[in-house]
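[1] Here is a sequence with its predicted model. Questions after.
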2 protein chains.
Amino acid sequence: MKPPIFKLFYLYFFCMVLPGAGRAWAQADETFIKNIYNEALIHGEAYENLRTLCKDIGARLAGSAEAQMAVDWGYTLLNRYGFDKVYLQEIKVPHWERGTPEAGWIINEQGDVLKLDVLALGGSVATQGLLQGEVLEVYDIEALKQLSAKEVEGKVVFLSKAFDPTLLNTFKAYGACYPIRGNGTSEAGRLGAKAVIIRSLAMPNDDFPHTGTMHYSEDVPKIPGAAISTNNANTLHQWLAKGKVTLKLQMNCQTLEEVVSYNVIAELTGKDDKIISFGGHLDSWDVGEGAHDDGAGIVHAIEAIRILKKLGYKPNHTLRCVLFMNEENGNRGGQAYARIASEKKEEHICAIESDNGGFLPLGFGISASDDQLKAIQSQARQLENFELYYFPKGGGGVDIGPLKNYYPNIVQLGLKVNSQRYFNYHHSHNDVFEEVNKRELELGAAALAGMVYLMDNLLN
Amino acid sequence: MKPPIFKLFYLYFFCMVLPGAGRAWAQADETFIKNIYNEALIHGEAYENLRTLCKDIGARLAGSAEAQMAVDWGYTLLNRYGFDKVYLQEIKVPHWERGTPEAGWIINEQGDVLKLDVLALGGSVATQGLLQGEVLEVYDIEALKQLSAKEVEGKVVFLSKAFDPTLLNTFKAYGACYPIRGNGTSEAGRLGAKAVIIRSLAMPNDDFPHTGTMHYSEDVPKIPGAAISTNNANTLHQWLAKGKVTLKLQMNCQTLEEVVSYNVIAELTGKDDKIISFGGHLDSWDVGEGAHDDGAGIVHAIEAIRILKKLGYKPNHTLRCVLFMNEENGNRGGQAYARIASEKKEEHICAIESDNGGFLPLGFGISASDDQLKAIQSQARQLENFELYYFPKGGGGVDIGPLKNYYPNIVQLGLKVNSQRYFNYHHSHNDVFEEVNKRELELGAAALAGMVYLMDNLLN
């Protein structure tokens, strides 16, 4: 497999040395991109596709009946649009079920009782009946590691680290809190804790608990892990400042046998065998409707390939829309996609992911060599007329990440959108269709289609 | 009055010729701007101020009791914050009242009846009982001008021009439709029409009618004007394609005697006598809560001056936060502010307005000479770390516009925010506090404070 070679000098020649020719080419590009936007904004189908995915299928955790319905939905829809190829890629996925809704309370020394807004973390074991224990507040994993087993044994560890509101990009705030969800149960289990509850990984103070994946270390007893709403976490913190607090919690979630599932793929065949992939993930957590995470990315990708086909575009490289399965709790879809590509000796030159929600698009993050980065940023200026101004270094997505293992020179991009409200909805009952704005969603689809088009022309 | 002179060469020297010194200065600036953002995001008061303005006062059309309450609210709040000066500027404003809620229906030849979502346009005359007439659909003012009096006489003219969804900046789509609201009644009245109804100036298809100001020509009989929801307009258009449609409409709005009202002003005294003004408008239309239009701009401006004071900033020029009255239906506040400034021989070098809603800030539009524009755009790059990337030529606002008549060299800026959802809310029952996101509002306030700070240091 050859690394992608850029039309860097060619581009430079046309844009900088031959301004007349450069302008002519840029002009043609912009007209095509304008046509993409017009189609998305006048005849767009992204919003109605999202409505169907959210309302007729709903939450769709890998392994669930809804996830299988989502595969069927995607396969049927892509076939209806009549792309050059539509097919499934079989994978095995984890199968975890929440079971009966969780029940949890905190009780202080005065006997005050607060019913918790609580969700088991994805992959957690059950409580085996009503678990009860004294709550020990610990700020984060680093603070937890400072404690002795004697201090933690038999307690319910409450990891209370909050989002840093001064981080303008909320994904950075999320990243800083991620370990309390991902590693809290293992680290607390290692010290003999009974269970872990965490402050939900969310920006606002509200009543929504936010689930998400967690990881058990193999050498440690598995203890239950759950997230409580930020408002609950604030109250618990206040109660603990005044005295002892007891938690009662019941969860009967369980991990079942792995099941067969699928990535869903559609292609527009290119003039050569090289491949540009773009997509989002079809699975979601099992609460809400997975509207922003990542229904939006799914309908962005479907709309992008639909628009390119409708405009009669004949791609230089094969354009492949991928609806990845199991991003949320395993990334089996992304891993299988990359492995199979490599096994088939496909030549992958670029991959683009949309997995930051259906908010106002701002640009794309770009993972590429410095020279490639400059060339892409230069080319991307054609998107400024479409109100896209932000093309920083660094970008991609969980689903397309594994491609990097097999294609070290692949260019990866991630659609950047307004991040301010994402963690109001993420992995919660609140992530529903009604929270997605039609025009913002359509603009995201057009931005993705525009970038696929630019990359198809820039890369060779 | 001298025109503002830029530190252009000074800046150039420091940034381009002496990169070390340039970096040092930029560093100091960015630290201060970071402090502004931290204050807005950790200890921000904009959101709770907006809640009070929306929920404890509500809609506040100039001349209304609520507008007077808003003046009192602003004056009290600015005094509580303890700025160097807080004062009122007396003006006379129009006083129009909607009266009993409008009632309207359309009836087709089959006898189907649809109750309309309808709002009188601001300034409209009443219907004098139940007005009834046959509906004549006309696309826009140009099409209306092609018609003869015979064709229009006695009819209800329905101006049906819709927003162009392909205009990415929704303010452009609004501007293109503005004449049907502003001039429809005069042009239809000139041809003998009974009344005018317009398709609401709004982007989505929904059930909210959107009011707004209109203008009667003096030489033409005054006829009632009203806006119906976009869904109603779609239905009416469909019915008219099949046959005659009758409209029935009752509105008892009226224009009363002008009343006294006020601009509300707070200052941080500068080291010299030059003035930088920034603000939004305190009045709103009389439906909804004026949350985005322009409660957001009001709390942006108050928060900006609060933060600068709290950080102990000693401005070079006097920084003046202005809560303008009567932007919506007369602009008496903006006109008086400029006239009084000129009469007092104040030296105004810059004015900044926030009147595009409390959405994600993207940058500032800039009205200045070409040299000034370049210098400001260069300086504004310091805001890229705060996710502001958009600094196009052209910007300002209705309230600060009249300053240009007296200060032709004044630099004017307008805060640019995500425009995609603005016309879902604008001038409708839908413009309520709940539709404003806390962080997006806070970021807008920080952006405004940051730009006031940059201008205070750049301009002399």
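    That came in fine, so what should we check first?
[2] all contacts plus neighbour counts: C-alpha atoms, from now on.
    Will do.
[3] And the spatially most central residue of chain A, how far from chain B?
    Centroid-nearest residue in chain A: residue A:355, 4.1 Å away (criterion: C-alpha atoms, centre = their mean). According to C-alpha to the nearest C-alpha, to the nearest Å, residue A:355 stands 19 Å off from chain B.
[4] In the stretch 201-350 of chain A, which residue sits closest to chain B?
    residue A:204 (8.5 Å; C-alpha to the nearest C-alpha).
[5] is it true that that residue touches residue A:230?
    Yes. If you go by C-alpha atoms under 8 Å, residue A:204 and residue A:230 touch, sitting 7.4 Å apart.
[6] residue farthest from the centroid of chain A?
    Largest centre distance within chain A, by C-alpha atoms, centre = their mean: residue A:110, 42.7 Å.
[7] what's the longest strand in chain A?
    Longest strand in chain A by number of residues, with DSSP state E as the criterion: strand A:254-268.
[8] Relative to that one, what are the paired strands and their orientations?
    strand A:85-97 (antiparallel), strand A:318-324 (antiparallel) (DSSP bridges).
[9] and that strand, how far out from the chain's middle?
    Distance, stretch centre to chain centre, for strand A:254-268: 16 Å (C-alpha atoms, centre = their mean, to the nearest Å).
[10] Can you show me the CA trace of the helix or strand following that strand as CSV?
    Sequence order places strand A:274-281 as the next helix or strand after strand A:254-268, per DSSP states H and E. Provided in CSV are the C-alpha atoms of strand A:274-281 (Å, rounded to 0.1, in the frame of the first residue of the first chain):
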residue,chain,number,x,y,z
LYS,A,274,-8.3,4.3,-3.7
ILE,A,275,-10.8,4.8,-1.0
ILE,A,276,-12.1,7.8,1.0
SER,A,277,-14.3,6.6,3.9
PHE,A,278,-16.6,8.8,5.8
GLY,A,279,-19.2,8.0,8.5
GLY,A,280,-20.4,8.0,12.0
HIS,A,281,-21.7,5.3,14.3
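[11] and strand A:274-281, which residues are buried?
    A:274, A:275, A:276, A:277, A:278, A:279, A:280, A:281 (16 or more other C-alpha atoms under 10 Å in any protein chain shown).
[12] Check the fifth one and give its pLDDT.
    On pLDDT, residue A:278 comes in at 98.
[13] That one and residue A:334 touch, don't they?
    No. Residue A:278 lies out of contact with residue A:334 (C-alpha under 8 Å); the separation is 11.7 Å.
[14] Residue A:357 versus residue A:433, what's the distance?
    11 Å (C-alpha to C-alpha, to the nearest Å).
[15] give me phi/psi at the residue nearest to the centre of chain A?
    Backbone torsions of residue A:355, given as degrees, to the nearest 10, read phi -150, psi 40.
[16] What of residue A:104?
    Residue torsions, per degrees, to the nearest 10, at residue A:104 are phi -150, psi 150.
[17] Can you pull out the low-pLDDT segments for chain A?
    Segments of chain A classed as low confidence (criterion: pLDDT under 70) are A:1-28.
[18] Point out the residues in it that sit beside chain B.
    A:37-38, A:41-42, A:165-166, A:168, A:360, A:386-387, A:389-390, A:418, A:420-421, A:437, A:439-440 (C-alpha under 8 Å from any C-alpha of the partner chain).
[19] Please pick the buried ones from those.
    A:37-38, A:41, A:165-166, A:168, A:360, A:386-387, A:389-390, A:418, A:420-421, A:437, A:439-440.
[20] What separation is there between the closest residue to residue A:228 other than its chain neighbours and chain B?
    Using C-alpha to C-alpha, 6 or more residues apart in numbering or on different chains and skipping the chain neighbours, the partner closest in space to residue A:228 is residue A:118 (4.5 Å). Distance from residue A:118 to chain B, counting by C-alpha to the nearest C-alpha: 24 Å.
[21] contacting residues for residue A:118?
    A:102, A:103, A:104, A:209, A:226, A:227, A:228, A:229 (C-alpha atoms under 8 Å, 6 or more residues apart in numbering or on different chains).
[22] Any chance of a ChimeraX selection covering the buried ones in the residues you listed?
    The buried subset of the contacts of residue A:118, as determined by 16+ other C-alpha under 10 Å, is captured in ChimeraX by this line:
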select /A:102,103,104,209,226,227,228,229
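[23] re the thing from before, could the strands paired with strand A:254-268 be laid out in CSV, adding distance to residue A:374 and mean neighbour count?
    Below are those laid out as CSV (distance: least, C-alpha to C-alpha, whole Å; neighbours: other C-alpha atoms under 10 Å in any protein chain shown):
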stretch, distance to residue A:374, mean neighbour count
strand A:85-97, 33, 18
strand A:318-324, 23, 26
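[24] show me the contacts for residue A:103.
    Residue A:103 neighbours (C-alpha under 8 Å, 6+ apart): A:115, A:116, A:118, A:249, A:250, A:251.
[25] likewise residue A:78?
    Taking C-alpha under 8 Å, 6+ apart, one finds A:86, A:266, A:302 in contact with residue A:78.
[26] where does the residue lying closest to residue A:295 once chain neighbours are set aside land in three-state SS?
    By the measure of C-alpha to C-alpha, 6+ apart, the closest residue to residue A:295 outside its immediate chain neighbours is residue A:50, 6.3 Å from it. When classified by DSSP: H, G, I helix; E, B strand; the rest coil, residue A:50 comes out as helix.
[27] do residue A:40 as well
    Going by three-state DSSP: residue A:40 is helix.
[28] Touching, it and residue A:307? I think so.
    Yes. Between residue A:40 and residue A:307 there is a contact under C-alpha under 8 Å: 7.3 Å.
[29] how does chain A divide up, domain by domain?
    A:8-95+A:257-458, A:99-252 (automatic domain parsing).
[30] can you put those in a markdown table and add distance to residue B:74?
    Shown next, in a markdown table, are the domains of chain A (distance: least, C-alpha to C-alpha, whole Å):
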| stretch | distance to residue B:74 |
| --- | --- |
| domain A:8-95+A:257-458 | 28 |
| domain A:99-252 | 27 |
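[31] Out of these, which is closest to residue B:372?
    Minimum separation from residue B:372 across those (C-alpha to C-alpha) falls at domain A:8-95+A:257-458, 22.0 Å.
[32] Now for residue A:433 and residue A:357: what residues contact both?
    Any residue near both residue A:433 and residue A:357 by C-alpha under 8 Å, 6+ apart counts here, and that gives A:291, A:292.
[33] between the two, who's got more neighbours?
    Shown here are residue A:433 and residue A:357; by other C-alpha atoms under 10 Å in any protein chain shown, residue A:357 has more neighbours (32 against 24).
[34] can you map out the helices along the stretch 351-460 of chain A?
    A:370-380, A:403-406, A:422-425, A:438-458 (DSSP state H, counting those that start in this stretch).
[35] just checking, which of those helices sits deepest inside the structure?
    A comparison of these by mean neighbour count, using mean count of other C-alpha atoms under 10 Å in any protein chain shown, puts helix A:438-458 on top with a mean of 25.
[36] what's that one packed up against?
    helix A:19-42, helix A:46-51, strand A:274-281, helix A:296-310, strand A:361-367, helix A:370-380, strand A:411-417 (3 or more C-alpha pairs under 8 Å, 6 or more residues apart in numbering or on different chains; DSSP states H and E).
[37] which residues of the stretch 101-250 of chain A fall in strands?
    For the stretch 101-250 of chain A, strands defined by DSSP state E, counting those that start in this stretch occupy the ranges A:103-108, A:113-115, A:118-120, A:131-138, A:156-159, A:195-199, A:225-228, A:245-250.
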